[in-house]
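K.L.:
I would like the atomic coordinates for the input below:
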Amino acid sequence: MGSNQSWVTEFVLVGFELSADVEVLLLWVFSLFYIFSLLANGVILGLICLDPSLHTPMYFFLSHLAIIDMSYASSNVPKMLANLVKHNRTISFVPCIMQTFLYLGFAATECLILVVMSYDRFVAICHPLQYTVIMNWRVCTVLAITSWSCGFILALVHAILLLRLPFCGSREVNHLFCEILSVLKLACVDTWINQVVILAASVFVLVGPLCLMLVSYMRIVWAILKIQSKEGRTKAFSTCSSHLCVVGLFFGIAMVVYMVPDSNQQEEQEKILSLFHSLFNPMLNPLIYSLRNAQVKGALYRALQKKRSL
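P.N.:
Numbering: from 1, shown residues only. Reported below is the predicted structural model:
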């Protein structure tokens with residue numbers, strides 16, 4: 001490295017290049033979406049904790065999904081909203097790396113929790129008589145802890161590899177937050193190790209889990225078709241279709257961002273997809289599970305009735 005190079009101590013988050021009026025409008029819209037996301041996931045989490053009928057493995061994992069969605073959105077959306085207000089869109093080096101670590105950790109954990117949820121549905125539909133034995137609380141706890149541990153260990157590896165890189169020259173991150181691929185473009189050295197680890201991690205938390213879920217759901221569909229009663233088939237399809245909607249949204253966007261070859265034309269599209277991941281996906285998850293789930297709606301109705309009687 002030459003002695004005349006200036007080392008970067010902070011980055012500038014470029015975001016969307018929009019007029020001031022449009023940014024104010026987006027600030028209000030995104031703020032409402034963010035608040036609704038926190039409230040909706042908070043309601044789901046509260047119902048699962050308070051209603052005994054929801055104290056089952058399926059809702060145990062759904063409560064983890066709600067926590068992840070609230071945390072995932074909170075790791076980058078507040079800074080995104082602040083940047084819409086002020087013109088100085090800088091972020092210091094350490095907070096930037098911390099933001100990268102948190103969003104990668106929560107994203108990887110969500111992938112693994114969704115896999116565990118698909119396994120839970122597989123056992124419930126394909127092995128209903130053995131469900132309580134296979135999915136006992138000890139197994140559920142181990143699966144949840146393993147998902148969180150693996151997700152944040154992967155994120156820690158990414159963060160450590162990012163910390164070892166020197167950053168100099170350009171400090172403009174062409175993204176809404178410190179997204180790892182956008183930050184890597186500013187490094188002064190070859191980042192092939194980081195790229196290889198990102199690809200390997202993507203295979204581990206995206207391709208592998210998606211293949212497992214597809215196999216699980218093929219067997220689930222086959223088992224559902226064998227159910228004699230129409231009511232039983234409808235109920236089974238209802239619980240599985242909710243999970244499939246969430247899986248399709250989350251995995252589809254993540255694979256486009258991290259596994260499709262990069263190009264300059266895709267940068268703006270990736271910003272929009274990342275925005276969907278950070279802001280809209282956490283808001284849609286509780287809506288998908290609550291609107292399509294009779295047990296959640298029943299728990300909400302009982303909670304409202306109990307509140308009125310007080």
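K.L.:
Restricting to C-alpha, output stretch 215-226 in PDB.
P.N.:
What follows is stretch 215-226, C-alpha atoms only, in PDB (Å, rounded to 0.1, in the frame of the first residue of the first chain):
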ATOM      1  CA  VAL A 215     -38.000 -33.100  -0.200                       C
ATOM      2  CA  SER A 216     -40.000 -32.700   3.000                       C
ATOM      3  CA  TYR A 217     -42.900 -31.000   1.300                       C
ATOM      4  CA  MET A 218     -43.000 -33.500  -1.500                       C
ATOM      5  CA  ARG A 219     -43.500 -36.200   1.200                       C
ATOM      6  CA  ILE A 220     -46.000 -34.000   3.000                       C
ATOM      7  CA  VAL A 221     -48.100 -33.400  -0.200                       C
ATOM      8  CA  TRP A 222     -48.000 -37.200  -0.800                       C
ATOM      9  CA  ALA A 223     -49.200 -37.900   2.800                       C
ATOM     10  CA  ILE A 224     -51.900 -35.200   2.600                       C
ATOM     11  CA  LEU A 225     -53.300 -36.700  -0.700                       C
ATOM     12  CA  LYS A 226     -53.700 -40.000   1.200                       C
END
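K.L.:
in that stretch, what's buried?
P.N.:
Neighbour counts over stretch 215-226 (16 or more other CB atoms under 10 Å) mark 216-217, 220, 223-224 as buried. Where C-beta positions appear, they are placed from N, C-alpha and C, glycine not excepted.
K.L.:
Now, the residues you listed that are in helices?
P.N.:
216-217, 220, 223-224 (DSSP state H).
K.L.:
Which members of those define the maximum pairwise distance?
P.N.:
Across these, no pair lies farther apart than Ser216 and Ile224, at 12.3 Å, counting by CB to CB.
K.L.:
Can you report how many residues lie near Val29?
P.N.:
11 (other CB atoms under 10 Å).
K.L.:
how would you label it: helix, strand or coil?
P.N.:
Counting by DSSP: H, G, I helix; E, B strand; the rest coil, the backbone at Val29 sits in helix.
K.L.:
now the helices for the stretch 201-310 of the chain?
P.N.:
Secondary structure of the stretch 201-310 of the chain (DSSP state H, counting those that start in this stretch): helices located at 208-225, 230-259, 267-275, 281-291, 294-309.
K.L.:
Of all those helices, which one is nearest Arg89?
P.N.:
Across the helices of the stretch 201-310 of the chain, the minimum distance to Arg89, taken as CB to CB, is reached by helix 267-275, at 13.8 Å.
K.L.:
follow-up on the earlier one: which one, of the helices of the stretch 201-310 of the chain, ends up nearest to Asn88?
P.N.:
Shortest separation from Asn88 across the helices of the stretch 201-310 of the chain is recorded for helix 267-275, at 19.7 Å, computed as CB to CB.
K.L.:
Now do that closest one against helix 281-291, angle only.
P.N.:
Helix 267-275 and helix 281-291 are oriented at 40 degrees to each other (axes from the mean of the first three to the mean of the last three CA atoms, to 10 degrees).
K.L.:
Return the alpha-carbon coordinates of helix 267-275 using PDB.
P.N.:
Output in PDB follows, covering the C-alpha atoms of helix 267-275 (Å, rounded to 0.1, in the frame of the first residue of the first chain):
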ATOM      1  CA  GLU A 267     -27.400  -2.900  -7.900                       C
ATOM      2  CA  GLU A 268     -30.600  -0.800  -7.800                       C
ATOM      3  CA  GLN A 269     -32.700  -4.000  -8.000                       C
ATOM      4  CA  GLU A 270     -30.800  -5.500  -5.100                       C
ATOM      5  CA  LYS A 271     -31.400  -2.400  -3.000                       C
ATOM      6  CA  ILE A 272     -35.200  -2.900  -3.600                       C
ATOM      7  CA  LEU A 273     -35.000  -6.600  -2.800                       C
ATOM      8  CA  SER A 274     -33.000  -5.900   0.400                       C
ATOM      9  CA  LEU A 275     -35.500  -3.300   1.400                       C
END
